[in-house]
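A.B. asks: Just need the structure, nothing else, for what follows:
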Amino acid sequence: MMGFLKAIPLVMSIWIVGTAYAQNGPAKFTLKEAQDYAVNNNATSKNARLDLVSAKKKIWETTAIGLPQITSTVNYQNIIKVPTVTFPGSNGGEDQILKLGVKETTSLDITLSQLIFSGSYLIGLQASKTYYELSTRSLQKSEVDLKESVANAYYLVLVLDENIKIVQSNLENLNKTLSEMQEMNKQGFTEDSDIDQLKLSVNSLENTVRALQRQKEVSLNLLKFQMGFDLNQPIELKETLNDYITQASAATPDSESNIKANINYQLMDTQEKLSILNYKRQKSEYLPTLSGFYRHLEKKKSAFDFTTPNVFGFTMSIPVFSSGQKQSLVRQRKNDIEKIQNSKQQVEESLKLELKQAYSELQNNFDKYRTEKENIEISKRIYEKNTIKFKEGMVTSMDLTNSNNQYLNAQNNFFNAAYAVLGAKLKIDRILNKL
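C.D. replies: Numbering: from 1, shown residues only. This next block holds a predicted model:
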């Protein structure tokens, strides 16, 4: 059932992309869909899942050590010259010759062995299950890192897309003004230098649009690469920048108890379990090991071969004296536990600090975002008023260019602030394992 549930995101991703191709249009993704697609198709994520499969097989590999083991050996032997013993005949009769072997012998040796008790084995079995848990955590961390990377690329594309729209709109307005002023120039109402100054501004804006479009294309390709999506296929984003700004604005500080949901903390927790098991395994070296066996042998016997076909027995290995080596190793493993516990506590405190800083960063970025949003409106009003004044001959073309550049800078600062807001919110989600 769990395997079926895990397969749902992959099936949905394939269905989404397949539908898009069937319609000869670009594949469209929300951020959540892009992240799910990446989890199922990114090469790093695939390898992490293979590691998890190997870890699961490792459990059975360890388990099998304590299960019955059967070995079979087939042996063929040919004695070139069979040794003999001659016994003199009684009462002058013929000598009796007795062969001390068989010229050709084929034997079948079957041995069944069973580990009855081993402290190391019992601890090792627990450790293999904990190792599987560690591999699961590692897979989760890989997926969290991947989702964060996809989100960053997704946000960047959204920001660039909105930026392109604003700059293109500004370019259209400036082209309209240029066209109007060219007509006025033909009638002798404006200077040629004013027209040239406007053309410089138009050329600069056109270059800005092309640069932003290329940057968006690069960011889309980065997003597709992280998703494991075909770089040659088109892709579109379903959501807008404002959708995520609204979500980020609703973020409120969560309880620090949620820190323990962080994947880095959980990894440290699992490593602590492994360290404790390693300590127990080392202590188990003081215990004896007991195993049993049964052996069956089939072969053609000579007259003097007294080998029995069936044998069973037990073997016990008892550690007696190791000159303090075991005690030293136990002490080292205990130190390892203390070290991992110290590191675990440090990670927890570090995450708490990082969370406080992330919320502070989010608030600071929001303050800047709101300021830059207001600056856009102010600089836009200044630019529009200067456009009217320019047409009326009240300001120079340089004044108009400066107000236009001021407006463009305000837009650029606004989008940088918006991206910073999303980055801070993403950092909070990663710390609280909400990706």
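
A.B. asks: need the strands for the stretch 1-150 of the chain, in chain order.
C.D. replies: For the stretch 1-150 of the chain, the strands defined by DSSP state E, counting those that start in this stretch occupy 27-29, 69-78, 84-87, 96-99, 104-117.

A.B. asks: Can you tell me the strand partners of the shortest one and which way each runs?
C.D. replies: Pointing back at strand 27-29 there. Here strand 27-29 is paired, per DSSP bridges, with strand 235-237 (parallel).

A.B. asks: can you pull the buried residues of the next helix or strand after the strand it pairs with?
C.D. replies: Note on strand 235-237: by DSSP states H and E, the next helix or strand toward the C-terminus is helix 241-249. In terms of neighbour count (16 or more other C-beta atoms under 10 Å), helix 241-249 has its buried residues at Leu241, Tyr244, Ile245, Ala248. Using the backbone N, CA and C atoms, a C-beta is placed for each residue, glycine as well.

A.B. asks: And stretch 86-105, by the same measure?
C.D. replies: Buried residues in stretch 86-105 (16+ other C-beta under 10 Å): Gly101, Val102, Thr105.

A.B. asks: so where does Glu183 fall, helix or strand?
C.D. replies: Per DSSP H and E: Glu183 is located in helix 119-186.

A.B. asks: Specify the angle between that helix and helix 241-249 in degrees.
C.D. replies: Counting by axes from the mean of the first three to the mean of the last three C-alpha atoms, to 10 degrees, helix 119-186 lies at 130 degrees to helix 241-249.

A.B. asks: From the buried residues of stretch 86-105, which shows the smallest pLDDT?
C.D. replies: The member of the buried residues of stretch 86-105 with the lowest pLDDT is Gly101, at 70.

A.B. asks: OK, contacts around Val150?
C.D. replies: Leu31, Ala34, Gln35, Ala38, Leu223, Gln226, Met227 (C-beta atoms under 8 Å, 6 or more residues apart in numbering).

A.B. asks: meant to ask about Lys425, not that
C.D. replies: Tyr244, Gln247, Ala248, Ala251, Leu362.

A.B. asks: export the strands of the stretch 1-150 of the chain to a markdown table and tack on distance to Gln271?
C.D. replies: Converted to a markdown table, the strands of the stretch 1-150 of the chain look like this (distance: least, C-beta to C-beta, whole Å):
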| stretch | distance to Gln271 |
| --- | --- |
| strand 27-29 | 35 |
| strand 69-78 | 32 |
| strand 84-87 | 69 |
| strand 96-99 | 67 |
| strand 104-117 | 28 |
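
A.B. asks: closest one to Leu435 among these?
C.D. replies: Across those, Leu435 has its closest neighbour in strand 27-29 (15.8 Å, C-beta to C-beta).

A.B. asks: which non-adjacent residue is nearest the residue nearest the centre of the chain?
C.D. replies: Closest residue to the average C-alpha location of the chain: Ser142 at 1.4 Å, with C-alpha atoms, centre = their mean. Nearest residue to Ser142 in three dimensions, chain neighbours excluded: Ala48, at 4.2 Å (C-beta to C-beta, 6 or more residues apart in numbering).

A.B. asks: Can you get me a residue count around that neighbour?
C.D. replies: For Ala48, the neighbour count with other C-beta atoms under 10 Å is 21.

A.B. asks: Correct me if wrong: it contacts Ser138.
C.D. replies: Yes. Counting by C-beta atoms under 8 Å, Ala48 does reach Ser138; the two are 6.6 Å apart.

A.B. asks: Just the CA trace of stretch 198-208, in CSV.
C.D. replies: Taking Å, rounded to 0.1, in the frame of the first residue of the first chain, the C-alpha atoms of stretch 198-208 are listed here in CSV:
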residue,chain,number,x,y,z
LEU,A,198,15.1,59.4,-26.1
LYS,A,199,16.5,56.9,-28.7
LEU,A,200,19.4,56.2,-26.3
SER,A,201,16.9,55.4,-23.6
VAL,A,202,14.9,53.2,-25.9
ASN,A,203,18.0,51.3,-27.0
SER,A,204,19.0,50.8,-23.4
LEU,A,205,15.6,49.5,-22.5
GLU,A,206,15.6,47.1,-25.4
ASN,A,207,18.9,45.7,-24.3
THR,A,208,17.6,45.3,-20.8
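
A.B. asks: if we can go back for a sec, mind checking how far the helix holding Glu183 is from the chain centre?
C.D. replies: Distance of helix 119-186 from its chain centroid, counting by C-alpha atoms, centre = their mean, to the nearest Å, is 15 Å.

A.B. asks: tell me the average confidence for the helix or strand hosting Arg281?
C.D. replies: If you go by DSSP H and E, Arg281 is part of helix 263-283. Averaging pLDDT along helix 263-283 yields 91.

A.B. asks: Next, the angle helix 119-186 makes with it.
C.D. replies: If you take the same axes, to 10 degrees, helix 263-283 sits at 160 degrees to helix 119-186.

A.B. asks: thinking again about what came up before, reformat the contacts of Val150 as TSV; add pLDDT.
C.D. replies: As requested, those are exported to TSV (pLDDT from 0 to 100):
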residue	pLDDT
Leu31	94
Ala34	95
Gln35	95
Ala38	94
Leu223	96
Gln226	94
Met227	94
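
A.B. asks: ok, so of the residues you listed, who is nearest Gln341?
C.D. replies: For the contacts of Val150, the nearest to Gln341 is Gln35 (33.7 Å; C-beta to C-beta).

A.B. asks: who touches the spatially closest residue to the closest one that is not a sequence neighbour in this structure?
C.D. replies: Of all residues not flanking Gln35 in the chain, Lys147 sits nearest, at 4.5 Å (C-beta to C-beta, 6+ apart). Counting by C-beta under 8 Å, 6+ apart, Lys147 touches Gln35, Ala38, Val39, Leu435.

A.B. asks: if you set the cut-off to 10 Å instead, what comes out?
C.D. replies: Applying C-beta atoms under 10 Å, 6 or more residues apart in numbering, one finds that Lys147 lies in contact with 31-32, 34-36, 38-39, 45, 226, 426, 429-430, 435.
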